[in-house]
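Novice: structure for the following, please:
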Amino acid sequence: MIKAVEKFWCCSPLPLAVYREIVAQLEQVSGVMAVKIQLYSESATFDYGKSQVEGLALTFDANSSTQAQIGAILAHYERS
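Specialist: This next block holds a predicted model:
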């Protein structure tokens, strides 16, 4: 039985288009079960100077190589 890991990741200044790029990359990683972009609720105050994305909800298997690949992708965007 595969143990699933759930993780929430965010990098505030990134726009929605970049989050979509990250999702596309993460979906290519073997062991990733689900990746979902979470937007701020509609009741939140809109601000053009900030991202309207709250973050990514990830579900993946506990395999160390899967975690390493996910970590490398997310670290790349954290540095950008």
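
Novice: in this protein, which spans are strands?
Specialist: With DSSP state E as the criterion, the chain has strands at 4-9, 32-39, 53-61.

Novice: for the chain, give me the ranges with low pLDDT.
Specialist: Applying pLDDT under 70 to the chain flags the ranges 43-44, 46-51.

Novice: quick one, helices of it?
Specialist: 16-26, 64-79 (DSSP state H).

Novice: name the helices or strands packed onto the last one?
Specialist: What it means is helix 64-79. strand 4-9, helix 16-26, strand 53-61 (3 or more Cβ pairs under 8 Å, 6 or more residues apart in numbering; DSSP states H and E). Bear in mind the C-beta positions are built from the backbone N, C-alpha and C, glycine included.

Novice: next one: the shortest one
Specialist: Helices and strands touching helix 16-26, as assessed by 3+ Cβ pairs under 8 Å, 6+ apart, comprise strand 32-39, strand 53-61, helix 64-79.

Novice: could I get the strands of the chain as CSV with mean neighbour count and distance to residue 75?
Specialist: Formatted as CSV, the strands of the chain follow (neighbours: other Cβ atoms under 10 Å; distance: least, Cβ to Cβ, whole Å):
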stretch, mean neighbour count, distance to residue 75
strand 4-9, 13, 10
strand 32-39, 14, 16
strand 53-61, 18, 14
